[in-house]
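K.L.:
Here is a sequence together with a model predicted from it:
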Amino acid sequence: MEKFFKIKEHNTTVRTEILAGITTFMTMAYILAVNPGILSATGMDANAVFLATAISAGIATMVMALVANLPFALAPGMGLNALFAFTVVLGMGYSWQMALAAVFIEGIIFIVLTFLNVREAIINCIPTGVKKAVSVGIGLFIAFIGLYNGGSGIVQLGDAYSVPLKLGKFSANSPALLIVIGLIVISVLLILKVHGALLIGILVSTLIALPMGITHLPENWSLNFNLSEIAFKFDFSKIFSLDMLIILFTFLFVDMFDTVGTLIGVSTKAGMLTNEGKVPNAKQALLADAIGTTVGACLGTSTVTTYVESASGVSEGGRTGLTAFTTSILFFLAIFLSPIFLMIPSAATAPALIIVGVFMMSPVKEIKWDDYLEAIPAFFTIIMMPLTYSIAEGIAFGMTSYVLLHLLTGKFKDVKVLSYIVTAFFILDFVLKSV
């Protein structure tokens with residue numbers, strides 16, 4: 001294990017890596033409950049989607065562990081599953097079989113682009129200032145996810161247009177109160193330098209959630225191992241229509257830059273970037289994403305992507321593929337222990353996400369705020385991630401402003417050619433969304 005994952009070389013231990021892997025899993029296990037709920041709205045069998053979700057996450061994360069040796073986990077992406085269900089199927093009227101075909105093609109395209117080093121080149125063309133801002137933006141983004149907690153957290157939707165957000169209600173049995181309790185537990189443990197503070201906080205919060213009535217002990221242990229209703233159910237009949245080309249482009253765009261942003265942001269926070277500012281083993285990491293998406297489509301689930309919640313494991317000290325390996329094993333075990341994992345409420349994992357947001361803030365001090373050519377794109381990158389609820393949109397605003405400012409100030413020679421090409425695609429995406 002030491003030789004394969006190079007534990008000592010990365011200044012970590014087996015215990016730390018395993019604990020980090022468990023923490024990552026606990027903060028993203030919600031996808032096992034949420035993904036079936038979203039995709040079943042299209043008519044897909046929820047139990048089969050649960051199985052496809054767990055298997056695809058396990059396989060993709062295992063590839064990340066064994067091929068890239070990085071502490072990142074993957075699973076069907078939030079936002080991408082909503083695009084799949086509510087836009088493509090319920091909104092545009094296509095079948096879920098056709099949507100799966102689009103996801104499958106996306107995965108194949110990503111595999112080709114990865115072997116051609118196109119996706120790795122895109123990562124390398126992002127300027128240093130924006131890369132540092134990505135880490136900070138992701139921190140605010142995942143902290144907001146934890147604070148909002150699906151509308152029942154510390155921050156909730158406002159009552160009117162003039163007040164878009166407001167403070168939640170802290171009744172005796174409210175999820176918001178549980179989040180506050182979890183925040184206090186984790187914060188105290190961190191201050192006391194207790195190893196595994198995030199994981200302990202999640203477990204303590206889950207136990208407290210039982211008497212509060214927020215979660216319940218599992219009663220039904222029935223298991224389903226049947227994928228026949230959704231696996232390999234592709235419909236390619238209208239794959240070359242204009243609508244489907246737009247859908248495919250959207251899938252490609254969101255997944256590519258969500259993954260790129262996550263790899264850059266979490267690697268920056270972990271101090272894993274090379275001296276040239278590159279993500280180590282980026283090509284292998286992107287291959288894990290591409291394989292996960294392709295396999296996931298074959299099994300019957302939406303696009304698989306690298307999860308920003310990987311930052312929780314990195315914050316616990318995870319630095320190698322052993323962290324991802326541990327998370328992968330837990331996804332496979334979840335197939336047999338789903339009632340236990342599904343009893344962990346989102347309000348119990350929300351405090352961990354909020355605290356990880358704190359951890360992700362440190363690169364902000366490395367941004368050159370007195371240089372407006374770097375500061376303005378960095379600011380847009382940071383602020384647009386939580387406000388648009390999208391890592392990809394944050395990068396789009398950051399890169400577009402970076403290129404435009406260099407053009408308008410006569411410093412266009414300082415921008416890489418590929419940065420212009422990527423920005424052109426960002427602008428095209430803005431236009432398509434406005435039509």
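P.N.:
In hand now; what should we look at? This is a predicted model, so every value here is computed, not measured.
K.L.:
Return the residues in contact with the residue positioned nearest the centre of the chain.
P.N.:
Nearest to the geometric centre of the chain sits residue 307, at 2.8 Å (C-alpha atoms, centre = their mean). Counting by C-beta atoms under 8 Å, 6 or more residues apart in numbering, residue 307 touches 24, 28, 31, 72-75, 77, 262. C-beta coordinates here come from the backbone N, C-alpha and C atoms, glycine included.
K.L.:
the helices in the stretch 301-435 of the chain, which residues?
P.N.:
310-315, 321-334, 338-342, 346-359, 372-388, 391-408, 417-434 (DSSP state H, counting those that start in this stretch).
K.L.:
So residue 158, which state does it fall into?
P.N.:
strand (DSSP: H, G, I helix; E, B strand; the rest coil).
K.L.:
That one reaches residue 166, doesn't it?
P.N.:
Yes: using C-beta atoms under 8 Å, residue 158 makes contact with residue 166 at a distance of 4.6 Å.
K.L.:
distance of residue 326 from residue 171?
P.N.:
Distance, residue 326 to residue 171, using C-beta to C-beta, to the nearest Å: 37 Å.
K.L.:
Could you give the number of residues near residue 243?
P.N.:
Close neighbours of residue 243, defined as other C-beta atoms under 10 Å, add up to 12.
K.L.:
who touches the strand or helix carrying residue 166?
P.N.:
Using DSSP states H and E, residue 166 falls within strand 163-167. If you take C-beta under 8 Å, 6+ apart as the criterion, strand 163-167 is touched by 154-159.
K.L.:
Flag the least confident of those.
P.N.:
Minimum pLDDT across those is recorded for residue 159, with 79.
K.L.:
Please flag which of the contacts of residue 307 sit within helices.
P.N.:
The members of the contacts of residue 307 that map onto helices under DSSP state H are 24, 28, 31, 262.
K.L.:
what about the residue lying closest to the third one once chain neighbours are set aside, distance to residue 334?
P.N.:
Okay, so that is residue 31. Nearest residue to residue 31, sequence neighbours excluded (C-beta to C-beta, 6 or more residues apart in numbering): residue 75, at 4.8 Å. Look at residue 75 and residue 334: by C-beta to C-beta, they are 11 Å apart.
K.L.:
One more: residue 199?
P.N.:
As judged by C-beta to C-beta, residue 199 and residue 334 stand 16 Å apart.
K.L.:
same deal with residue 408?
P.N.:
To residue 334, residue 408 is 51 Å away according to C-beta to C-beta.
K.L.:
repeat for residue 23
P.N.:
Counting by C-beta to C-beta, the separation of residue 23 from residue 334 is 15 Å.
K.L.:
who has more neighbours, those two?
P.N.:
residue 23 (32 against 23).
K.L.:
List the residues that contact that one.
P.N.:
Contacts for residue 23 (C-beta under 8 Å, 6+ apart) come out as 196, 198-199, 202, 312-313, 315-316, 318, 352.
K.L.:
try residue 336
P.N.:
Contact analysis of residue 336 by C-beta under 8 Å, 6+ apart lists residue 223.
K.L.:
Quick check: nearest residue in space to residue 212, chain neighbours excluded?
P.N.:
Leaving aside its chain neighbours, residue 212 sits nearest to residue 173 (4.8 Å; criterion: C-beta to C-beta, 6+ apart).
K.L.:
Got the phi and psi for that neighbour?
P.N.:
In terms of degrees, to the nearest 10, the main-chain angles of residue 173 are phi -120, psi 30.
K.L.:
Can you give me the neighbour number for it?
P.N.:
Residue 173 sits with 11 neighbouring residues when counted by other C-beta under 10 Å.
K.L.:
Kindly report the same for residue 413.
P.N.:
As a burial measure, residue 413 scores 6 neighbours (other C-beta under 10 Å).
K.L.:
Please report how far it lies from residue 407.
P.N.:
Residue 413 is 10 Å from residue 407, by C-beta to C-beta.
K.L.:
do the same with residue 79
P.N.:
Relative to residue 407, residue 79 is positioned 31 Å away (C-beta to C-beta).
K.L.:
of the two, who's got more company?
P.N.:
It is residue 79, of residue 79 and residue 407, that has more neighbours when counted by other C-beta under 10 Å, with 17 against 13.
K.L.:
Just to check, residue 148 is in contact with residue 141?
P.N.:
No: if you go by C-beta under 8 Å, residue 148 and residue 141 don't touch, sitting 10.7 Å apart.
K.L.:
pull the helix or strand with minimum mean pLDDT from this structure.
P.N.:
Lowest on mean pLDDT, DSSP states H and E among the helices and strands of the chain sits helix 338-342, with a mean of 75.
K.L.:
Which strands or helices does that helix pack on?
P.N.:
In this structure, helix 338-342 packs against helix 31-39, with contacts taken as 3 or more C-beta pairs under 8 Å, 6 or more residues apart in numbering; DSSP states H and E.
K.L.:
Next secondary structure after the helix it packs on?
P.N.:
helix 46-63.
K.L.:
Alpha carbons of that following helix, as CSV, please.
P.N.:
Taking C-alpha atoms only, helix 46-63 is exported to CSV below (Å, rounded to 0.1, in the frame of the first residue of the first chain):
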residue,chain,number,x,y,z
ALA,A,46,-35.7,4.6,-8.5
ASN,A,47,-34.2,1.4,-7.0
ALA,A,48,-32.3,0.7,-10.2
VAL,A,49,-31.0,4.3,-10.4
PHE,A,50,-29.8,3.9,-6.8
LEU,A,51,-27.8,0.8,-7.8
ALA,A,52,-26.4,2.6,-10.9
THR,A,53,-25.4,5.6,-8.9
ALA,A,54,-23.5,3.6,-6.3
ILE,A,55,-21.7,1.4,-8.9
SER,A,56,-20.8,4.2,-11.3
ALA,A,57,-19.5,6.3,-8.3
GLY,A,58,-17.5,3.3,-7.0
ILE,A,59,-15.9,2.5,-10.4
ALA,A,60,-15.1,6.1,-11.3
THR,A,61,-13.6,6.8,-7.9
MET,A,62,-11.6,3.6,-8.1
VAL,A,63,-10.1,4.7,-11.4
